[in-house]
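Asker: Build me a model:
(chains A, B, C and D)
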Number of protein chains: 2
Amino acid sequence: MMRKHILIVEDDHDINRFLTLELEEAGFQVSSYGTGISGLSAVREDTPDLVVLDLGLPDLNGAEIARRIRHTDDTPIIILTAADDVGTKVEMLNAGADDYLAKPFHSDELIARINVQLRKRNGAMVRKVGELSLDASRRQAFWGEEEIRLSPREFDLLLYLCSQPGRVYSRQEIESNVWGEELPPSSNVVDVHIANIRSKLRDAGGYGVIRTVRGVGYAVKG
Amino acid sequence: MMRKHILIVEDDHDINRFLTLELEEAGFQVSSYGTGISGLSAVREDTPDLVVLDLGLPDLNGAEIARRIRHTDDTPIIILTAADDVGTKVEMLNAGADDYLAKPFHSDELIARINVQLRKRNGAMVRKVGELSLDASRRQAFWGEEEIRLSPREFDLLLYLCSQPGRVYSRQEIESNVWGEELPPSSNVVDVHIANIRSKLRDAGGYGVIRTVRGVGYAVKG
DNA sequence: GAGGTCCATGAAGATTTCTTAAGGCAACCG
DNA sequence: CGGTTGCCTTAAGAAATCTTCATGGACCTC
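Answerer: So this is what the prediction gives:
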């Protein structure tokens, strides 16, 4: 497993340095920023696995940052606060924070909580479209409760179509995203795979899940 | 098997029962008590590996219990509190608590913290997936009560697969995490080790524990 | 050094998956 | 209505992947 990438946004230089060392010690890849602005743009660029965010930043309110991150992204966020009161906690959680930790804290505790969040997230790589659910990390597909056994390609193809339910994907797009290479122009591989997936969906009770758009491509019913 | 022994002292019967089940599920041996007095004497007799202690007991103050335990013993103590304020926390830590957790909490978090404490003491870390338990510090594997003798590589590999039960790990991931280096692309070491582990699991009665996901990798049933 | 365990390799065999190709069906258009 | 195009189905061979087995070497223990 790739090391998890943690992004720290904390203006106090000592704490920042301390956290960086502790988290690196714990096996994470760490990058750290001192201001809300720089941190926020780094979240966009680095796409870290988790953000540790100090509440008392000089430029931007922590809650505001959390909200902005949540707006485009669902990276887990753990908030660090100096004050430990219920009101702040509620506000933070409403702003989209996943967990919250009052200073002073043990780095062990922070690490434990980071792991809790990362575990949660990994378990939650599930995409649901109506009755259909695709669990990417387990590579399992379900229609309701019933498992649908898909081959690797079939799974990738269906997962791709589900990445934006309703949107139509051209063969070209499908080929380059699922196959990753150019296929002979005469090939009807995509069609065949679609047919096979449909057949398996039908067996499980799913009709009309994949819509074909003549002259364009395919889409899952959104 | 030398499962770690957790002692719970908690007067709320529902929480008590819930914690017992969750911790047993996580592979610990659990005994639980409803009052400070009974819990305190049980600590003396059972010499548990860790104590989970509710702060709001009817007979004895939680801090008082922590102090008394500390007086004769240095079993790790994790305190559960209803209120989450700094004063209480400081008092608890001064009384000898090792960690502290405010209700409501996720059992996952409690388990993580328990493991943190146990690891601090003697490096114990038990992972349980169905009938299978792996004790990382002793490097022993069990199917139910029966020990499975695994070679070092086999143990590491199985432990890695169990780090997120259900999730599929690619050969690549396995190689870099268990072997720590790139193996010649022609190598089928991973496969062979998987086969050997399966064979040993079968001997102990475990069938279908490791699922192979064609074209992707392997996963333990979760 | 003898015996053991563990690890890596290669190759055969079994299994699943992928692709191709050909014929049929359905929609669109004059 | 007939031609054209695009899509669906099916089946079979090709390709890729997984399992198993046998072998040899490295290492440790006695």
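
Asker: how about the residue of chain A found nearest chain B, what does it touch?
Answerer: Here chain A gets closest to chain B at one residue, A:Pro152, 3.5 Å apart by CB to the nearest CB. For glycine as for every other residue, the C-beta is placed from the backbone atoms N, C-alpha and C. Listed by CB atoms under 8 Å, 6 or more residues apart in numbering or on different chains, the contact partners of A:Pro152 are A:139, B:213-216.

Asker: Looking at those residues, which has the smallest pLDDT value?
Answerer: Ranked by pLDDT, the contacts of A:Pro152 bottom out at B:Gly215, which scores 84.

Asker: What segments of chain A are helices?
Answerer: For chain A, the helices defined by DSSP state H cover A:13-25, A:36-46, A:62-72, A:86-95, A:107-123, A:152-161, A:171-174, A:189-204.

Asker: winner for burial among those?
Answerer: Greatest average neighbour count among these goes to helix A:152-161 (a mean of 20), per mean count of other CB atoms under 10 Å in any protein chain shown.

Asker: List only those of the contacts of A:Pro152 flagged as buried.
Answerer: For these, a neighbour count by 16 or more other CB atoms under 10 Å in any protein chain shown gives the buried set as A:139, B:213.

Asker: near DNA strand D, which of the contacts of A:Pro152 show up?
Answerer: With the criterion set as CB under 7 Å from any atom of the strand, the members of the contacts of A:Pro152 near DNA strand D are B:213-216.

Asker: so where's chain A uncertain?
Answerer: Residues of chain A meeting the criterion pLDDT under 70: A:1-3, A:45, A:47, A:70-74, A:83-96, A:112, A:116-117, A:119-126, A:182.

Asker: redo that, cut-off 50
Answerer: Across chain A, residues meeting the criterion (pLDDT under 50) sit at A:1, A:124.

Asker: What residue in chain A is the furthest from its centre?
Answerer: In terms of distance from the mean C-alpha position of chain A, A:Ser186 ranks first, at 36.2 Å (CA atoms, centre = their mean).

Asker: need the contact list for A:Gly166.
Answerer: Going by CB under 8 Å, 6+ apart, A:Gly166 touches A:219-222.

Asker: typo on my end, it should be A:Ala82
Answerer: With CB under 8 Å, 6+ apart, A:Ala82 has these contacts: A:55-56, A:102-103.

Asker: And the furthest pair within those?
Answerer: Pairwise distances across the contacts of A:Ala82 peak at 12.1 Å for A:Gly56 and A:Ala102 (criterion: CB to CB).

Asker: the more surrounded of those two?
Answerer: Between A:Gly56 and A:Ala102, counted using other CB atoms under 10 Å in any protein chain shown, the more crowded position is A:Ala102 (20 against 14).

Asker: Quick check, that one in contact with A:Leu55.
Answerer: No: A:Ala102 is not in contact with A:Leu55 according to CB atoms under 8 Å; the separation is 9.7 Å.

Asker: Which neighbours do those two have in common?
Answerer: A:80-82.

Asker: Relative to B:Ser133, which of those residues is nearest.
Answerer: For the shared contacts of A:Ala102 and A:Leu55, with B:Ser133 as the reference and CB to CB as the criterion, the closest is A:Leu80, at 35.3 Å.

Asker: so the closest one makes contact with A:Ala66?
Answerer: No: checked against CB under 8 Å, the pair A:Leu80 and A:Ala66 is beyond contact range at 11.8 Å.

Asker: OK, contacts around A:His5?
Answerer: A:His5 touches A:28-31, A:46, A:48-50, counting by CB under 8 Å, 6+ apart.

Asker: okay, among those residues, which ones form the most distant pair?
Answerer: Comparing all pairs in these by CB to CB, the longest separation belongs to A:Phe28 and A:Asp46, at 13.1 Å.
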